[in-house]
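>>> Predicted model and sequence follow; I will ask about them next.
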Amino acid sequence: MNTTQKRKVYVQDVTLRDGNQALKKPWTIREKEVVFDLLVDLNVDGIEIGFPSSNQTEFDATKLLAARAPKSISIAALTRANRNEIQTTWEALQHAANPRMHIVFPVSAFAIENVLKISYEQVLEKIYDSVSYARTLVGKDIQIQFSGEHFGDAMENLDFATKAFLTSIEAGANIINLPNTVERYRPMLFVDMVKHVVSRTPEGIRVSVHAHNDLGMATATTVESFYAGASQIEVALNGLGERAGNTNLYETAIALHQCGEDVGIRFHRIYPTAKRISELTNIPIGEKTPVIGEDIFSHRSGIHQDGVAKTVGKKKGAYRTFTPEFVGRNDEETISFTNQSGARAIRFLFEKEGISMREEEIQELFHKAKEVSSREGNREIGIEELSLWRKEIQPTADSGVL
Ligand SMILES: [Zn+2]
């Protein structure tokens, strides 16, 4: 496979399945509809809407969302590798204009020997039987995705895991998904395994990755897997998912976009989507969370403030990757004053209010602000307070424009 050729990133979202199944209070059908519409607005390529054979609510939600989906978005539902569950899944999923059957079965030696306790030959038989059954059921034009669960653990049986994927392709799968079901090692070990499978995969078969974030490296793993030849990335809104979650959609999409890739996401929908998902899950967004954290466009140290002030409004900022507007935020890149800040911050804060001042006046306010901040626990000093001090220092200062 020629990995230097420009490929589109295929964004497959799993929030409604992997994300939902890990919530303390899984979503109602109505809530699932809201999330579904947010995903359509974001313009993802595919949505995994549920696990219909797991319970009646999931079945009903899958059926409803499948029928709601536009043809441009492929709609997946997950099933285990047995005929009854595949049949139930298809009953719910067939209402989609563009359905995708997603079958999962473990491929790591650890899971086969300790959890399944069946022979390797039986694993291949099970994969072949379930995928070929699904192919007969859905017909030749419907997508079938096969996931080899625990692929990230399969380094000691990588040739077998590869054979398991090739077996699924022989049986009729069009997409093979390589999950890092539990993140245990460094990203490049996983990426090398992805390369191994990609180099043995026939043309025309899409390779996908699905990473979990147990060690906080899922974004890195997913981004680098794209460059190893995986064109589909499985991601979730707000990084939802089992344990520490799935790969975060926002971070991954922006990282690939920054590298010049065609991601197809409506980036300005990111922030409103993240806020809504936070409400729908009761999971707050951390202040320092990349892309969506409240505090990520604030600059408090003197050196940074100087660079920010000189590049504010430019596409490339001295101390930021993207502008707030790019991800749909109304807040601006801000400079705040603490005892770490420079005199530049004082000028910036007043200029933002349309007030320009002489250098001596700025220096005087700077020294006072620095002294007060240091004395009072290094606290932040706002423009309101600075304006009051300015009037005290220079009682004649009116609206202040010199
Ligand atoms: Zn998962």
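Perfect, thanks for sending it.

>>> hey, where'd the helices end up in the stretch 201-350 of the chain?
218-227, 249-258, 270-281, 302-311, 343-352 (DSSP state H, counting those that start in this stretch).

>>> Please identify the pairing partners of the worst-scoring helix or strand of the chain on mean pLDDT and their relative orientation?
The helix or strand of the chain with the lowest confidence, counting by mean pLDDT, DSSP states H and E, is strand 334-335 at a mean of 82. Sheet pairing of strand 334-335 (DSSP bridges) gives strand 298-299 (parallel).

>>> residues in contact with the strand it pairs with?
By CB atoms under 8 Å, 6 or more residues apart in numbering, the surrounding residues in contact with strand 298-299 are 305, 308, 319, 333-336. Backbone N, C-alpha and C define where each C-beta goes, glycine included.

>>> Ile265: which of those residues is nearest?
Nearest to Ile265 among the contacts of strand 298-299: Glu333, at 21.9 Å, using CB to CB.

>>> excluding its backbone neighbours, what's nearest the closest one?
Closest residue to Glu333 apart from its sequence neighbours, by CB to CB, 6 or more residues apart in numbering: Phe297 at 4.6 Å.

>>> And the pLDDT for that neighbour?
pLDDT recorded at Phe297 is 91.

>>> start at 842 instead
Done: numbering now begins at 842, and the last item shifts to Phe1138.

>>> thinking again about what came up before, now do the least confident helix or strand of the chain: everything it contacts.
Contacts to strand 1175-1176, defined as CB under 8 Å, 6+ apart, come from residues 1138-1141, 1146, 1149-1150, 1182, 1185-1186, 1189-1190.

>>> By neighbour count, which of those residues wins?
Neighbour counts for the contacts of strand 1175-1176, by other CB atoms under 10 Å, peak at Ala1186, which reaches 28 neighbours.

>>> In this structure that one contacts His1145, no?
No: using CB atoms under 8 Å, Ala1186 is not in contact with His1145, being 9.7 Å away.

>>> Can you report phi and psi for Ile927?
phi -60, psi -40 (degrees, to the nearest 10).

>>> Strands of the stretch 942-1091 of the chain, start to end?
Assigned by DSSP state E, counting those that start in this stretch, the strands in the stretch 942-1091 of the chain fall at 984-990, 1016-1021, 1047-1052, 1073-1076.

>>> so which of the ones you listed comes closest to Val852?
Comparing these by CB to CB, strand 1073-1076 comes nearest, at 6.2 Å.

>>> For that closest one, the averaged confidence score.
Average pLDDT, strand 1073-1076: 98.

>>> For the closest residue to Asn923 other than its chain neighbours, which residues are in contact?
Excluding the flanking residues, the one nearest Asn923 by CB to CB, 6+ apart is Ser971, at 6.3 Å. If you count contacts by CB under 8 Å, 6+ apart, Ser971 has them with 922-924, 927, 944, 946, 1012.

>>> Just send those back as a markdown table, with distance to Thr898, pLDDT and neighbour count too.
Below are the contacts of Ser971 laid out as a markdown table (distance: CB to CB, whole Å; pLDDT from 0 to 100; neighbours: other CB atoms under 10 Å):
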| residue | distance to Thr898 | pLDDT | neighbour count |
| --- | --- | --- | --- |
| Ala922 | 23 | 98 | 23 |
| Asn923 | 21 | 96 | 15 |
| Arg924 | 23 | 98 | 13 |
| Ile927 | 20 | 98 | 23 |
| Ile944 | 21 | 98 | 25 |
| Phe946 | 24 | 98 | 23 |
| Ala1012 | 31 | 98 | 20 |
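
>>> So which of those is the closest to Ile1196?
Ile1196 lies nearest to Ile944 out of the contacts of Ser971, by CB to CB, at 64.8 Å.
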